[in-house]
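Participant: can you look at this prediction? I've put the sequence above it.
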Amino acid sequence: MFEKPFSQACENNKRPILAQLEWAFANAENVLEIGSGTGQHAVFFAEHLPHLIWHTSDQVQYHQGINAYIDDSSLTNIRRPQVFKVGEDDFPVLDQNAKIDGVFSANTAHIMQKEEAEQLMQMVSEHLPVNGVFCQYGPFTHGGKFTSTSNEDFHNSLIERGYGGYRDIEELKAWATDLSLAKIIDMPANNHMLIWQK
Ligand SMILES: C[S@@+](CC[C@H](N)C(=O)[O-])C[C@H]1O[C@@H](n2cnc3c(N)ncnc32)[C@H](O)[C@@H]1O
């Protein structure tokens with residue numbers, strides 16, 4: 001039997017993240033999640049934000065896990081994962097002509113290669129409609145500075161393992177040409193929530 005993937009970090013951060021999504025996506029109808037990972041965030045946020053439809057996406061090897069979480073939920077406001085790898089695939093198009101008016105992505109920019117992170121910001125900037133909101137969660141540097149030594153150690157270990165490593169908030173801003181960074185929110189465990197608006 002397939003065992004659902006599990007991330008303890010997701011369990012720890014999902015409530016603090018939800019507290020921000022509740023206001024940031026208060027008027028959103030269709031939110032695209034980029035890099036849905038295990039699927040834990042998707043079912044939790046869909047359950048607690050019943051006014052919107054949560055559209056999952058990730059690289060294909062993550063789909064079985066995401067689908068397992070969706071299958072075990074009785075939610076009607078969550079959509080099955082689309083194949084979306086930034087750098088390879090076109091920006092997802094929603095079914096039934098639904099229009100994305102919100103984007104969420106957690107813990108993806110430091111996993112992506114630098115060029116992919118740049119493209120992520122450009123794609124979201126291009127595809128969000130005016131007044132659309134992009135909530136981006138994770139660890140970042142700010143003004144070139146790490147928020148803790150453990151973050152710097154983690155960044156170095158990512159680089160050693162071939163990942164892109166932490167991105168600086170200023171470089172994200174430069175790439176997201178049509179977005180403005182409305183808020184930078186300090187989150188538990190030295191993470192941030194970046195609230196971008198078009
Ligand atoms: C550390 S996991 C985070 C998963 C989940 N969002 C979370 O917070 O637990 C990194 C995620 O980024 C996704 N990812 C990495 N490179 C990507 C790319 N180029 N395009 C889209 N997703 C990517 C991975 O597939 C994975 O789901």
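Facilitator: Sure thing, it's come through.

Participant: measure stretch 30-46 end to end?
Facilitator: In stretch 30-46, first residue to last residue: 11 Å (CA to CA, to the nearest Å).

Participant: equivalent analysis for stretch 98-113, please.
Facilitator: Here stretch 98-113 reaches across 30 Å from its first residue to its last, counting by CA to CA.

Participant: is the ligand within reach of it?
Facilitator: Yes. Applying CB under 6 Å from any ligand atom, one finds stretch 98-113 touching the ligand at Ala106, Asn107, Thr108, Ile111, Met112. For the C-beta atoms, the positions are set from N, CA and C on the backbone; glycine is no exception.

Participant: can I get stretch 81-96 in CSV? Just the C-alpha atoms.
Facilitator: Provided in CSV are the C-alpha atoms of stretch 81-96 (Å, rounded to 0.1, in the frame of the first residue of the first chain):
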residue,chain,number,x,y,z
PRO,A,81,-1.8,18.4,-9.4
GLN,A,82,-0.7,19.8,-12.8
VAL,A,83,2.8,19.0,-14.0
PHE,A,84,4.7,22.2,-13.5
LYS,A,85,8.4,22.5,-13.3
VAL,A,86,9.6,26.1,-13.6
GLY,A,87,12.2,26.2,-16.3
GLU,A,88,10.6,23.3,-18.2
ASP,A,89,6.9,23.8,-18.4
ASP,A,90,4.5,26.6,-19.4
PHE,A,91,2.6,28.3,-16.7
PRO,A,92,-0.4,26.2,-15.8
VAL,A,93,-3.8,26.9,-17.4
LEU,A,94,-6.8,26.2,-15.1
ASP,A,95,-9.7,24.0,-16.3
GLN,A,96,-13.1,25.5,-17.0
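
Participant: run through who's touching it.
Facilitator: Applying CB atoms under 8 Å, 6 or more residues apart in numbering, the external contacts of stretch 81-96 come out as 30, 32, 34, 36, 39, 55-60, 62-63, 66-67, 79, 100, 112-113, 115-117, 119-120, 123, 126-127.
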